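Q: please work out how this folds:
(one chain, ligands or ions: 1)
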Amino acid sequence: MDTEQLRECGHRMVDFVADYYKSIESFPVLSQPGYLKELLPDSAPRQPDTLDSLFNDIRQKIIPGVTHWQSPNYFAYYPSNSSTAGFLGEMLSAAFNIVGFSWITSPAATELEVIVLDWFAKMLQLPSQFLSNALGGGVIQGTASEAVLVALLAARDRALKKHGKQSLEKLVVYASDQTHSALQKACQIAGIFSENFRVVIADCDNNYAVSPEAVSEALSMDLSSGLIPFFICATVGTTSSSAVDPLPELGQIAKAHDMWFHIDAAYAGSACICPEYRHHLNGVEEADSFNMNAHKWFLTNFDCSLLWVKASQANSVVDFKDWQIPLGRRFRSLKLWMVLRLYGVENLQSYIRKHICLAKHFEQLLMSDSRFEVLSGKFVLRFAVGAPLTEEQHVDAAWKLLQNEASKVLGSM
Ligand code: PLP
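A: Here you go, the predicted structure:
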């Protein structure tokens, strides 16, 4: 690598990115699909191109097709935050470009990951069994989908060890119909029989949390048919309506039947670093594994999904290759460490509180107009506050837009 070239091009790229963020509000959040094939050649260049011509193409051909997740006017799906700290962490990780599958391939990567996951577990007040000095510990996965797959595979192997290899066809997984589809995909990959993926209808009278009675009922029927319940997945903050499943009760059911209890807090888990929202994790004591995405609502650039487990290997050093699907792994802990250090817990708590405040502000705007109501489960307009640059004026502008559209729709009826 030519280090002077890196310095010059790197500075230009940082300028480019800073300019992008400066003008991000000028772009429509959603762009048009299916345009790029016409604009780019159908094979790679034989000779090197210049950075200038590349920047031109990024401006003219790529940015028009980017969905601007970091725009303050972005309220779709769920947040997926970037920040200067997270961005710098990604840069540094790209600079080292290690492939940290085992401790020896870069002790700093493994050891920082262990430390940062312990810090985070303490911020969330997770039970001490999830800390590295107990039998358990945390690991950074790419996504929540990988996290649930890893947990499911561990649970499956535990169950097969107990009941015998031939019992795979009897293993049953329980979750609500509000659970993220990642679980169903994980079941397919793990060889769980599709008829044994038990979807329990969530309780619409209880904000779409699953009812423990309904889970127990399904479980009893399965037991009486000779099946083996082995995995329950609860969600703290479902993707569609932020519903919170009753962790203490589901944990008790799992314990009573020697099942693996996984908690998916991918989206809303970040809020639990604030003492006033921590109660949503009550019951996590019974979990075998717990997951939240720092890359969603925690200012840490994608990807950074945190998974804690209670039982791990008791080796003197950790080889994280054995805690995930791929062998190779990135130095992801750097960006999370930098976010934690350059913000500090108090600022991160304020960040979460500000978004919740903006969401409540939007709810008030909505309730002041009799043509709208707040509900979940039917055909709804989803409004998710969580982009780092969002201020009250962006929420107000989105509300104005909705009102104008409502006037058009209702006016024409
Ligand atoms: N679980 C929940 C509750 C989610 O909201 C999401 C993302 O929408 C996922 C899992 C899947 O996340 P990932 O893209 O990290 O696999």
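Q: got a list of what the residue nearest to residue 319 when sequence neighbours are not counted touches?
A: Nearest non-adjacent residue to residue 319, counting by CB to CB, 6 or more residues apart in numbering: residue 102, 4.2 Å away. Bear in mind the C-beta positions are built from the backbone N, C-alpha and C, glycine included. By CB atoms under 8 Å, 6 or more residues apart in numbering, the residues touching residue 102 are 110, 319-321.
Q: ok, and of the residues you listed, which contact the ligand?
A: When contact is defined as CB under 6 Å from any ligand atom, those do not meet the ligand at all.
Q: got a markdown table for those, with pLDDT and neighbour count too?
A: Formatted as a markdown table, these follow (pLDDT from 0 to 100; neighbours: other CB atoms under 10 Å):
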| residue | pLDDT | neighbour count |
| --- | --- | --- |
| 110 | 95 | 23 |
| 319 | 89 | 15 |
| 320 | 92 | 20 |
| 321 | 90 | 17 |
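Q: in which helix or strand does the closest residue to residue 21 other than its chain neighbours reside?
A: Residue nearest to residue 21 in three dimensions, not counting chain neighbours: residue 70, with 7.2 Å by CB to CB, 6+ apart. For residue 70, there is no enclosing helix or strand under DSSP states H and E.
Q: other SSEs contacting the helix or strand containing residue 292?
A: Element membership for residue 292 (DSSP H and E) is strand 289-293. Counting contacts by 3 or more CB pairs under 8 Å, 6 or more residues apart in numbering; DSSP states H and E, strand 289-293 packs against helix 144-163, strand 260-264, strand 305-309.
Q: near the ligand at all, whichever helix or strand comes after that strand?
A: As assigned by DSSP H and E, the chain's next helix or strand after strand 289-293 is helix 294-297. No. Using CB under 6 Å from any ligand atom, helix 294-297 never reaches the ligand; the gap is at least 7.2 Å.
Q: CA atoms only: put helix 294-297 into CSV for me.
A: Output of helix 294-297 as CSV, limited to C-alpha atoms (Å, rounded to 0.1, in the frame of the first residue of the first chain):
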residue,chain,number,x,y,z
ALA,A,294,-25.9,-2.1,18.6
HIS,A,295,-26.2,-1.3,14.9
LYS,A,296,-29.9,-0.5,15.2
TRP,A,297,-30.4,2.2,17.8
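Q: identify each buried residue in it, please.
A: Within helix 294-297, the residues that count as buried by 16 or more other CB atoms under 10 Å are 294-297.
Q: how about the residues of the stretch 201-350 of the chain by the ligand?
A: 235, 237-239, 264, 266-267, 293, 305.
Q: what about 8 Å?
A: With CB under 8 Å from any ligand atom as the criterion, the stretch 201-350 of the chain meets the ligand at residues 235, 237-239, 264-268, 291, 293, 295-296, 303, 305.
Q: hmm, which of those residues is lowest in pLDDT?
A: Least confident of those in the model: residue 239, at 92.
Q: quick one, what contacts that one?
A: Counting by CB under 8 Å, 6+ apart, residue 239 has contacts 77-78, 178, 180, 266-267.
Q: please identify the buried residues of stretch 6-19?
A: Result for stretch 6-19 [16+ other CB under 10 Å]: buried residues residue 13.
Q: quick check: mean pLDDT across it?
A: 96.
Q: stretch 22-37 too?
A: Stretch 22-37 comes out at a mean pLDDT of 88.
Q: kindly report the same for stretch 154-162.
A: Here the average pLDDT along stretch 154-162 is 97.
Q: report the two of the residues of the stretch 201-350 of the chain next to the ligand separated the most.
A: 238 and 303 (20.8 Å; CB to CB).
Q: and those two? which has more neighbours close in?
A: residue 238 (25 against 18; other CB atoms under 10 Å).
Q: assign a three-state SS to that one, would you?
A: Three-state assignment for residue 238 (DSSP: H, G, I helix; E, B strand; the rest coil): coil.
Q: for the residue lying closest to it once chain neighbours are set aside, give its distance to the ligand.
A: In this structure, residue 238 finds its nearest non-sequential neighbour in residue 178, 4.2 Å apart by CB to CB, 6+ apart. Residue 178 sits at a distance of 9 Å from the ligand (criterion: CB to the nearest ligand atom, to the nearest Å).
Q: that older thread, show the buried residues in the contacts of residue 239.
A: Buried members of these, counted by 16+ other CB under 10 Å: 78, 178, 180, 266-267.
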